[in-house]
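*Asks:* Need coordinates for the following:
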Amino acid sequence: MIAVLPSSERFHTQIGWLDSWHTFSFADHYHPERLGFRALRVINDDRVAPARGFGSHPHRDMEIVTYVLSGELAHRDSMGNGSTIRPGDVQRMSAGTGVVHSEANPSPTEPVHLLQIWILPDREGHKPGYEQKAFSVDERRGKLRLLASPDGRNGSVTLHQDASLYATLLEPGERVSYEPPQGRHAWIQVARGSIELNGQKLSAGDGAAVSDEKRLEIAARDSSEVLLFDLA
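*Replies:* Sure thing, here's the model as predicted:
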C-alpha cells in the first residue's frame, strides 16, 4: 500500500525570513492523523533568508537530522560543536537528556534550503551526541546511498532508533529499486524534481507512506533528489 501526501497538503509557516512546509504536525499546526509515520515525526522543508536563522533553543529526546539542498547552514550547540553544513552533508544531533543549539544562514546574499528531520529515539535519556559526514554526488548518483542507520554501517551517521535513511540523485530516465525487509515500512520524500513510485507520480515536496510493498521502483521524470526512510 502506498499513501501519497501531496506537497499542497503540507502545513505552511511563513514569517518573513523563514518559509517552511511541514509534512507532519509541527508547532502551531496540528492534525491528530498527521503526527508522523512510525518513528518519523518531522520533515520540515525550510528556506531561510540570508543572514537570518533560528536562535538558541533547547531540544531533548529526539534524533535530529539536517540535510541541506542548497546554500549553507551554520550550526552551534551547547556540546561545543560548531560547523557549516553544505549540500551532501548529513548532520545528526541526538538531543538526549538536553541540548541547546542554533542554526543560521551565514550568507549575506543567498538563501539556504534544507530538510530538517526528527526521529523518535529508541528510549529517553540518551547522552547528547553529534555527527556530521559528507556524501559526494557520485556516492548518491543513480543509487540509494545509506546516510543514517542504527549501527553506522557503510560510513553512515548513527541513529538511536531502528531506522535507516537513504538518498539518491537521479537524472531523467534513471531508476533505483528497494525491497523493504518483511514487516517493515518506508517513507519516500521527494526533495526536488519529480519521480514515479511504482507507477505513481510524485513531485517535489510530495511524500508517500509505504507498507506491505515487496519492491519499490523509483524512476526519475526530471533531475531529482529523493530520500527513503526504512522504518520498523
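
*Asks:* which residues touch the residue nearest the centre of the chain?
*Replies:* Taking Cα atoms, centre = their mean as the criterion, I117 is the residue nearest the geometric centre of the chain, at 4.3 Å. Contacts for I117 (Cβ atoms under 8 Å, 6 or more residues apart in numbering) come out as 40, 42-44, 64-67, 165. The C-beta positions use only the backbone N, C-alpha and C, and glycine is treated the same way.

*Asks:* And it, how far from I64?
*Replies:* Relative to I64, I117 is positioned 7 Å away (criterion: Cβ to Cβ, to the nearest Å).

*Asks:* between the contacts of I117, which is closest to G96?
*Replies:* Using Cβ to Cβ, I64 is the member of these that lies nearest G96, at 10.7 Å.

*Asks:* contacting residues around the closest one?
*Replies:* Contacts of I64 (Cβ under 8 Å, 6+ apart): 92-95, 116-118.

*Asks:* Find the helix or strand that it is a member of.
*Replies:* strand 63-70 (DSSP states H and E).

*Asks:* Check which residues of that strand are buried.
*Replies:* For strand 63-70, burial by neighbour count (16 or more other Cβ atoms under 10 Å) applies to 63-69.

*Asks:* same question, stretch 45-53
*Replies:* Within stretch 45-53, the residues that qualify as buried are 45-48, 53, counting by 16+ other Cβ under 10 Å.

*Asks:* any chance you could map the helices in this structure?
*Replies:* In the chain, helices defined by DSSP state H lie at 137-140, listed in chain order.

*Asks:* Any chance you could list what contacts stretch 48-61?
*Replies:* Taking Cβ under 8 Å, 6+ apart as the rule, stretch 48-61 contacts 16-18, 71, 73-74, 76, 93, 95-112, 114, 120-121, 124-126.

*Asks:* mind saving the C-alpha coords of it as PDB?
*Replies:* What follows is stretch 48-61 as a C-alpha-only set of coordinates in PDB (Å, rounded to 0.1, in the frame of the first residue of the first chain):
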ATOM      1  CA  VAL A  48      16.000  30.600   5.400                       C
ATOM      2  CA  ALA A  49      16.700  34.100   4.200                       C
ATOM      3  CA  PRO A  50      20.300  35.400   4.000                       C
ATOM      4  CA  ALA A  51      21.900  36.400   7.400                       C
ATOM      5  CA  ARG A  52      18.900  35.000   9.400                       C
ATOM      6  CA  GLY A  53      18.200  31.800  11.300                       C
ATOM      7  CA  PHE A  54      17.000  30.000  14.400                       C
ATOM      8  CA  GLY A  55      18.300  31.500  17.600                       C
ATOM      9  CA  SER A  56      19.500  29.300  20.500                       C
ATOM     10  CA  HIS A  57      16.700  26.900  21.600                       C
ATOM     11  CA  PRO A  58      16.500  23.600  23.500                       C
ATOM     12  CA  HIS A  59      15.600  20.100  22.500                       C
ATOM     13  CA  ARG A  60      15.600  16.800  24.300                       C
ATOM     14  CA  ASP A  61      14.900  13.100  23.500                       C
END
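
*Asks:* what mean pLDDT does that stretch have?
*Replies:* Throughout stretch 48-61, pLDDT has a mean value of 95.

*Asks:* Work out the gap between it and the centre of the chain.
*Replies:* Between the centre of stretch 48-61 and the centre of its chain there are 16 Å (Cα atoms, centre = their mean, to the nearest Å).

*Asks:* same check, this time on stretch 122-137
*Replies:* Chain-centre distance of stretch 122-137: 13 Å, with Cα atoms, centre = their mean.

*Asks:* Quick one: end-to-end length of it, please.
*Replies:* 31 Å (Cα to Cα, to the nearest Å).

*Asks:* ok, back up a step: any chance of the contacts of I117 in a markdown table, plus pLDDT?
*Replies:* Shown next, in a markdown table, are the contacts of I117 (pLDDT from 0 to 100):
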| residue | pLDDT |
| --- | --- |
| L40 | 98 |
| V42 | 98 |
| I43 | 98 |
| N44 | 98 |
| I64 | 98 |
| V65 | 98 |
| T66 | 98 |
| Y67 | 98 |
| L165 | 98 |
